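>>> sequence and computational prediction follow.
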Amino acid sequence: MENQEDIQIRMIRMIRDQLPDHVSLVDEIADLLEISNDSAYRRIRGEKPLSLQEVQKLAGTYQFSLDDLIGNPSNSVTFRTNFLEEGSYSFVDWLKGLLEFTKGASQAEESEAIFILNELSIFHMVQIPEVCAFKMFFWKKSNLDFPGYRELKFRVDDLEEEVLTLSEEITRHYVVINTKEFTTEESLNSFLKQLQYYSEAGYFNSREDALVLCKKLHDLVDHQQHQAALGFKFRHGNPPSGVAGNFQLYHNDLILADNTILVKAGNTNATYLTCNAINLMQSHDRAFFEYNYAWGLNLLSKSVPISGTAEKERNKFFRILHEKINSVANRL
């Protein structure tokens, strides 16, 4: 069994792995625990034991659990999440968490993310305000049944300023991260079914709102195709400019059953899964990450690249997506 010093050293290492390169570990520990730099050094070297209160403060700030420190059974994985609730943890709070995620990945010396999704990526939706607004409205009204939304109808021009600002910031960091992203011809299905259902149920303020949403969905698909052709990401509405090769898009004919995001940022590995379609569950369990990372690489080897020079496959794929949108728009 490990002694307290070994566990403390592991805890300090976990904190160091989460810090950006320009942040001093000593200063960070000293400021957080309100101690001198000399006292922080002694704790970092394991010469001075951390008190229970100090462990609690560090664990709460850097979001790790006792299981992360002392190890857990090989068949157990620890997750962290914040569940969306009206009045306590809002979508603005959720977007702030997403911003911290993208900011951390973008500022790491080396970062890579693999997106294995069976629906539209939130990182693409936030670049088209109307699309993002509808998805959030749907989650609040239909998925999570927020009481304040039960009698509301969706207006395509009802955009929250704080959501727009956060979306811009999220995109600014997202476009510089190296990503490998999987997509399928079914990626639009859930969004289009929700759109069509809202139209039939009378949940749009007007038919024009639904038609505008279809047009904006075309814009999203066009932007995704443009990025795939160039091989790099850039902000929608801006001139194309970005990090060469940082957007690799793959088409997989198989239905991707899980929404999984795998992130390598510096020395930190993280696995993100979705719960209830929107709540993000995060784990830093190394074995769990390595298992999923190997699965992702295997999936990659069986997928068709549609970014860069794969013009024929790319055009065919995105034409199918546009046809799906037109099919729904014609029935509105």
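Ah, there it is. Numbers count the residues shown, from 1 in each chain.
>>> from here on, just use CA atoms for contacts and neighbour counts.
Noted.
>>> break this structure into its domains for me.
Residue ranges for the domains of the chain, per automatic domain parsing: 4-70, 91-329.
>>> now find how far off-centre the first one is within its chain.
The gap between the average C-alpha position of domain 4-70 and the chain average comes to 27 Å, counting by C-alpha atoms, centre = their mean, to the nearest Å.
>>> state the mean pLDDT of it.
The pLDDT scores in domain 4-70 average 79.
>>> also the last one?
For domain 91-329, mean pLDDT is 91.
>>> make residue 1 into 45 and carry on from there
New numbering, starting at 45: the last item is domain 135-373.
>>> what's the first-to-last distance across that domain?
28 Å (C-alpha to C-alpha, to the nearest Å).
>>> so how far is it from its chain's centroid?
8 Å.
>>> about what we covered before: winner for burial among the domains of the chain?
Mean neighbour count (mean count of other C-alpha atoms under 10 Å) peaks for domain 135-373 among these, with a mean of 17.
>>> circling back to that earlier point, for Glu129, which of the domains of the chain is the nearest?
Counting by C-alpha to C-alpha, Glu129 lies closest to domain 135-373 out of these; the figure is 7.8 Å.
>>> surely Leu324 is in a strand?
Yes. Applying DSSP: H, G, I helix; E, B strand; the rest coil, one finds Leu324 inside a strand.
>>> quick revisit: tabulate the domains of the chain (CSV), appending distance to Leu128.
Converted to CSV, those look like this (distance: least, C-alpha to C-alpha, whole Å):
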stretch, distance to Leu128
domain 48-114, 18
domain 135-373, 7
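>>> now do the contacts for the residue nearest the centre of the chain.
Central residue of the chain (C-alpha atoms, centre = their mean): Leu142, 6.0 Å from the mean position. By C-alpha atoms under 8 Å, 6 or more residues apart in numbering, the contact set of Leu142 is Ile214.
>>> for Phe127, which of the domains of the chain is the nearest?
domain 135-373 (5.9 Å).
>>> out of the domains of the chain, the one nearest Thr122 is which?
domain 135-373 (6.1 Å).
>>> coming back round to it: which one, of the domains of the chain, ends up nearest to Phe123?
domain 135-373 (4.7 Å).
>>> so what's Ile160 up against?
Glu225, Phe226, Thr227, Leu300, Asp302, Asn303, Thr304, Ile305, Gly340 are the contacts of Ile160 under C-alpha under 8 Å, 6+ apart.
>>> any idea what Thr223 is bridged to?
Beta-bridge partners recorded for Thr223 (DSSP bridges): Ala157, Phe291.
>>> all strands for this structure, in order.
155-160, 222-227, 291-295, 304-309, 312-319, 323-327, 348-349 (DSSP state E).
>>> just checking: what are the partner strands of the last one?
Meaning strand 348-349. For strand 348-349, pairing defined by DSSP bridges yields strand 291-295 (antiparallel).
>>> over to the fifth one?
Partners of strand 312-319 in the sheet, by DSSP bridges, are strand 304-309 (antiparallel), strand 323-327 (antiparallel).
>>> CA atoms of it as PDB?
Presented in PDB, the C-alpha positions along strand 312-319 are these (Å, rounded to 0.1, in the frame of the first residue of the first chain):
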ATOM      1  CA  THR A 312      -3.300  15.100 -19.600                       C
ATOM      2  CA  ASN A 313      -5.700  12.600 -21.300                       C
ATOM      3  CA  ALA A 314      -9.400  12.800 -20.900                       C
ATOM      4  CA  THR A 315     -12.500  10.900 -22.100                       C
ATOM      5  CA  TYR A 316     -15.800  12.700 -22.600                       C
ATOM      6  CA  LEU A 317     -19.100  10.900 -23.000                       C
ATOM      7  CA  THR A 318     -22.600  12.300 -23.200                       C
ATOM      8  CA  CYS A 319     -25.500  11.500 -20.900                       C
END
